[in-house]
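# only geometry, no sequence info:
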């Protein structure tokens with residue numbers, strides 16, 4: 001090897017050594033002190049740690065909007081009294097209250113909202129609070145055709161309702177999968193805010209699994225696992241569609257977080273996977289067949305983990321097991337932490353409630369729990385609210401008794417014959433205060449104390465623990481309208 005080659009090699013080696021020493025020095029320096037460096041300099045030194053994503057392609061809202069507006073309807077409801085008015089100071093406003101006249105009572109009162117066409121033959125999803133206690137529900141399509149809708153059923157525990165109009169070949173939104181949505185994903189909200197029909201707004205999914213304690217104020221078994229979005233939603237949007245960029249329904253818009261009743265940044269939608277189960281149940285059974293685990297639950301927080309000696313901040317904690325419940329019979333105990341339901345991880349109370357809501361009484365689910373910091377698998381046979389482990393037949397649902405009378409749901413033919421939109425028929429009368437007052441068998445009750453009834457469940461619920469004078473309005477077997485004030489003795 002000649003001198004020239006040796007010199008060249010030494011120079012290269014020296015450069016490499018110096019470069020390595022410099023790199024080590026910079027790295028050592030960065031570890032020790034970065035106070036004199038700019039943020040850009042620090043970022044440039046640690047490029048491998050930077051979070052980077054591929055560029056996002058342009059999102060075209062035009063095509064999905066043009067199709068979605070034809071699947072969302074405008075709903076007008078009429079009320080017989082002012083019973084549906086709520087406190088104006090509520091944080092989460094009922095979008096209808098914005099339209100209610102807060103002054104002197106008027107007969108009838110009107111409100112507005114939105115709905116989503118789910119099938120070409122006229123089944124429509126909306127919120128329960130959109131049609132609750134209404135005496136008439138009018139649906140207007142995007143092409144301005146108008147129909148009187150039948151309320152097939154409602155579910156206050158999820159704030160959902162199913163309507164039906166007599167039409168065919170309607171455009172509809174297909175179901176997406178709300179389990180697959182991601183925070184940051186583009187969405188559009190379609191509805192009728194402030195009576196402005198066919199309005200589209202765009203935004204992103206801001207959060208998932210929100211529990212805002214909106215429904216739990218009125219019902220013990222409320223299910224809240226809302227999608228949070230910043231797409232503008234205002235009074236009148238309730239019951240409208242939350243749609244992804246593929247044109248799929250991923251949620252039903254329900255509430256806004258506001259001090260004024262108008263949009264101020266965030267809104268909430270019921271995930272479509274809850275919508276599918278609830279409305280399918282209403283269509284098939286007339287009510288929701290809800291499975292209950294039978295435990296009190298709370299989120300695992302750092303404070304709770306420290307208090308209970310939990311090594312991980314994950315899962316859902318059980319502070320109480322209801323005696324005789326499905327959970328009790330399966331061997332769940334106070335202090336257990338539920339980690340998974342059928343291999344699906346649960347990390348919040350709202351998430352657990354949604355997962356259980358997908359099942360029926362009698363279904364078996366496998367729970368992965370942590371007990372004394374040891375994992376354990378337990379199989380639970382779910383039960384209904386009244387402790388039954390099977391689904392009642394439709395016949396049992398459609399016929400129920402109270403006050404010595406047997407009630408049954410009316411048919412579409414009876415609705416058409418008597419020109420009514422709702423009602424429940426008295427099929428049998430034994431010894432009863434209703435019979436004593438002159439109400440005959442075959443009388444169709446359309447309202448009780450001015451509140452409309454849609455199914456036998458409504459009647460039984462309204463008459464439960466009632467006493468004093470009760471007003472029954474409806475249609476006689478010969479088609480004439482009549483009303484009866486019946487006095488019910490207080491139970492001793």
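Great, that's in hand. Treat the numbers as computed from the prediction; the structure is a model and nothing was measured.
# what about residue 413, is that helix, strand or coil?
Under DSSP: H, G, I helix; E, B strand; the rest coil, the three-state class of residue 413 is helix.
# could you list the domains of the chain?
Per automatic domain parsing, the structural domains of the chain span 3-49, 56-288, 295-381, 394-488.
# where does pLDDT dip in the stretch 201-350 of the chain?
213-221, 257-264 (pLDDT under 70).
# of all the domains of the chain, which one comes closest to residue 388?
domain 295-381 (5.8 Å; C-beta to C-beta). For glycine as for every other residue, the C-beta is placed from the backbone atoms N, C-alpha and C.
# which of the domains of the chain has the highest mean neighbour count?
Ranked by average neighbour count under the criterion mean count of other C-beta atoms under 10 Å, the domains of the chain are headed by domain 56-288 at a mean of 20.
# mind listing what residue 432 touches?
403-405 (C-beta atoms under 8 Å, 6 or more residues apart in numbering).
# and of these, the nearest to residue 173?
Using C-beta to C-beta, the contacts of residue 432 come closest to residue 173 at residue 405, 41.3 Å.
# so the residue nearest to residue 375 when sequence neighbours are not counted bridges to which residues?
In space, residue 375 comes closest to residue 368 once its chain neighbours are excluded; the distance is 6.3 Å by C-beta to C-beta, 6 or more residues apart in numbering. Per DSSP bridges, the residues bridged to residue 368 are residue 340, residue 377.
# surely residue 368 and residue 374 touch.
No. At 11.4 Å, residue 368 does not count as touching residue 374 under the criterion of C-beta atoms under 8 Å.
# bridged to the residue most central in space within the chain, which residues?
For the chain, residue 270 is the residue whose C-alpha lies nearest the centre (C-alpha atoms, centre = their mean; 3.3 Å). Using DSSP bridges, the bridge partners assigned to residue 270 are residue 252.
# tell me how far it lies from residue 471.
34 Å (C-beta to C-beta, to the nearest Å).
# repeat for residue 457
20 Å.
# what do you get for residue 59?
Using C-beta to C-beta, residue 59 is found at 55 Å from residue 471.
# same check, this time on residue 459
Distance of residue 459 to residue 471, given as C-beta to C-beta: 13 Å.
# touching both of the two, which residues are there?
residue 448.
# now do the SS call for residue 129.
At residue 129, secondary structure determined by three-state DSSP is helix.
# OK, contacts around the nearest residue to residue 63 once chain neighbours are set aside?
Once flanking residues are discounted, residue 63 sits nearest to residue 247: 7.7 Å by C-beta to C-beta, 6+ apart. Applying C-beta under 8 Å, 6+ apart, we find residue 247 in contact with 63-64, 67-68, 173-174.
# and the residues you listed as a markdown table, adding secondary structure and pLDDT?
Shown next, in a markdown table, are the contacts of residue 247 (DSSP: H, G, I helix; E, B strand; the rest coil; pLDDT from 0 to 100):
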| residue | secondary structure | pLDDT |
| --- | --- | --- |
| 63 | helix | 89 |
| 64 | helix | 90 |
| 67 | helix | 90 |
| 68 | helix | 91 |
| 173 | coil | 90 |
| 174 | coil | 89 |
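# touching, residue 389 and residue 364? I think so.
No. At 9.9 Å, residue 389 does not count as touching residue 364 under the criterion of C-beta under 8 Å.
# which residues do those two both contact?
Taking C-beta under 8 Å, 6+ apart as the criterion, residue 389 and residue 364 both touch 381-382.
# mind listing what residue 197 touches?
Contacts of residue 197 (C-beta under 8 Å, 6+ apart): 74, 140, 142.
# do that again at 6 Å, thanks
With contact taken as C-beta atoms under 6 Å, 6 or more residues apart in numbering, residue 197 is in contact with residue 74.
# same question for residue 248.
For residue 248, the contact set (C-beta under 6 Å, 6+ apart) comprises 174, 176.
# cool, and residue 203?
Contacts for residue 203 were tallied using C-beta under 6 Å, 6+ apart; they are 229-231.
# taking the residues you listed one by one, which sit in strands?
Counting by DSSP state E, the contacts of residue 203 place residue 229 in strands.
# which of the contacts of residue 203 lies closest to residue 255?
Nearest to residue 255 among the contacts of residue 203: residue 229, at 11.4 Å, using C-beta to C-beta.
# the closest one bridge partners, please.
Taking DSSP bridges as the rule, residue 229 bridges to residue 205, residue 267.
# and the pLDDT for the residue nearest to residue 441 when sequence neighbours are not counted?
Spatial nearest neighbour of residue 441, chain neighbours left out: residue 429 (5.2 Å); criterion: C-beta to C-beta, 6+ apart. Residue 429 is assigned 82 on the pLDDT scale.
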